[in-house]
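Student: Mind looking at a prediction? Sequence and model below.
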Amino acid sequence: FLQRRRRRRRRCFRKKIMDLPQEEEEGQIQNKEEQQKDEEQQKDRLLETLVPPITRSEHIRDALLRFLDSSVVQYIGIAVLLMVIIDGAFYFFLLIGAQAMCNDPSRVDCQPRNFWYNAGIQVLNGLFTYMSLVSMPWRAAQFLHVAGWACPYRSNDIGCNIYGIPNDPDIWCYIPLKQRLGILIVLILNCVTQYLNQAARIVYPDYVSSNSQPGSTWTLVFFLSSMLCGAIGAGWMLYEMGKIRKEHPGKFGPGPIDSLKQVIADYRAKKANAVDDKEDPAGDDKELERGGDDDDKNDDSNNCRVRESLSRRSGSVHHHPDPTRAKSRTAVIGAGEGRASLR
């Protein structure tokens with residue numbers, strides 16, 4: 001009878017161990033959803049009191065940006081990124097001659113290698129053009145707002161969003177105006193040069209015309225210009241956001257580097273826990289037996305002991321404060337609280 005009672009308590013104690021992290025995570029998710037609903041309701045009330053009121057052009061702009069932020073477009077974006085990686089690798093191997101299709105007169109100049117080389121670069125340019133088309137509306141809208149050319153005029157002070165509402169949670173709104181304007185100009189040049197690159201690839205569509213004068217000059221100049229502007233704009237934006245996070249620690253979500261470090265730390269801690277469980281499987285059973293044999297302990301004391309045991313086994317891992325600790329897609333990529341950081 002005592003053995004059955006001990007086994008039953010051990011099972012109950014083990015069930016508490018498994019349920020506690022799940023209950024805490026569900027509570028965090030529920031609190032975050034309620035907080036997001038409250039923020040959305042507050043934003044709606046602020047939008048209703050805008051002077052001048054929202055115009056039809058602003059409604060059209062917002063509808064377009066909402067569509068570009070929809071799940072369908074996001075899934076398409078993930079597929080486009082995977083295609084860029086695959087086609088980029090295919091193009092690179094053909095560029096260096098790492099292929100077994102032909103070798104006469106050389107591995108970097110023969111058929112059918114030249115045909116597939118041209119097809120690979122055409123597909124790659126098409127994917128880059130799609131990415132430029134998707135990102136251009138947000139960049140153009142932000143440029144008009146930051147430059148003060150939007151109609152109607154909305155305040156572009158530090159911390160104000162595109163409607164002029166202050167204290168926006170997006171870190172993008174706290175970058176100084178001159179730096180923001182410079183970043184947007186470089187990013188818009190990235191889109192424009194990519195459009196010109198696509199036009200050059202349409203004018204010179206085959207391998208012979210795109211690799212002889214003047215086709216090779218036009219395609220190469222616009223391709224390199226687009227890549228350079230994109231790299232400068234992205235690096236400049238990350239640099240400015242990093243400065244703001246250092247000036248205001250804890251106010252904004254983690255950046256991409258901090259998020260990557262957090263993911264690596266969580267993975268190492270989880271791997272270390274798995275190794276500890278394999279090396280000392282009896283340790284957990286002894287701890288469970290101690291928990292099951294304590295008849296005078298109430299549930300609160302057991303829960304405290306479980307939390308201490310879990311925290312002791314997890315190791316010293318630095319975690320970001322809530323709500324950025326939530327393991328969502330936004331936190332993993334370091335997007336912050338708005339779409340500005342993502343783009």
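Tutor: Okay, I see it.
Student: For stretch 213-223, list every residue counted as buried.
Tutor: 215, 218-219, 222-223 (16 or more other CB atoms under 10 Å). C-beta here means a position set from N, CA and C on the backbone, and glycine is covered the same way.
Student: possible to save the residues you listed as CSV with secondary structure?
Tutor: Listed next are those as CSV, based on DSSP: H, G, I helix; E, B strand; the rest coil:
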residue, secondary structure
Gly215, helix
Trp218, helix
Thr219, helix
Phe222, helix
Phe223, helix
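Student: Thr218 contacts Ala200, doesn't it?
Tutor: Quick fix: residue 218 reads Trp, not Thr. Yes. The pair Trp218 and Ala200 qualifies as a contact (CB atoms under 8 Å) at a distance of 4.3 Å.
Student: Of the buried residues of stretch 213-223, which is the nearest to Val186?
Tutor: Distance to Val186 across the buried residues of stretch 213-223 (CB to CB) is lowest for Phe222, with 15.5 Å.
Student: Poorly predicted segments of the stretch 1-150 of the chain, please.
Tutor: 11-27 (pLDDT under 70).
Student: hmm, try it at 90
Tutor: Scanning the stretch 1-150 of the chain for pLDDT under 90 picks out 1-55, 97-112, 150.
Student: the strands in the stretch 1-150 of the chain, which residues?
Tutor: Counting by DSSP state E, counting those that start in this stretch, one finds no strands in the stretch 1-150 of the chain.
Student: got the residue ranges for the helices in it?
Tutor: All helices of the stretch 1-150 of the chain, identified by DSSP state H, counting those that start in this stretch, fall at 2-48, 56-68, 71-95, 113-147.
Student: now the helix or strand that comes right after the last one against helix 113-147, angle please.
Tutor: Following the chain from helix 113-147 toward its C-terminal end, the next helix or strand by DSSP states H and E is helix 177-203. If you take axes from the mean of the first three to the mean of the last three CA atoms, to 10 degrees, helix 177-203 sits at 150 degrees to helix 113-147.
Student: Show the subsequent helix or strand relative to helix 177-203.
Tutor: helix 207-210.
Student: That next one: which residues count as buried?
Tutor: 207, 210.
Student: average pLDDT across that helix?
Tutor: Average pLDDT, helix 207-210: 91.
Student: Alpha carbons only: can I get that helix in PDB?
Tutor: Provided in PDB are the C-alpha atoms of helix 207-210 (Å, rounded to 0.1, in the frame of the first residue of the first chain):
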ATOM      1  CA  TYR A 207      24.300  35.100 -72.700                       C
ATOM      2  CA  VAL A 208      26.100  36.600 -75.700                       C
ATOM      3  CA  SER A 209      24.500  40.100 -75.500                       C
ATOM      4  CA  SER A 210      24.800  40.300 -71.700                       C
END
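Student: Start and end of stretch 150-163, how far apart?
Tutor: End-to-end distance of stretch 150-163 (CA to CA, to the nearest Å): 10 Å.
Student: tell me which residues in that stretch are buried?
Tutor: Buried residues in stretch 150-163 (16+ other CB under 10 Å): 150, 154, 156, 160-163.
Student: For these, give me CSV that also has distance to Asn211.
Tutor: Below are the buried residues of stretch 150-163 laid out as CSV (distance: CB to CB, whole Å):
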residue, distance to Asn211
Ala150, 44
Arg154, 49
Asn156, 46
Cys160, 50
Asn161, 47
Ile162, 44
Tyr163, 50
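Student: Many thanks, I have nothing further to ask.
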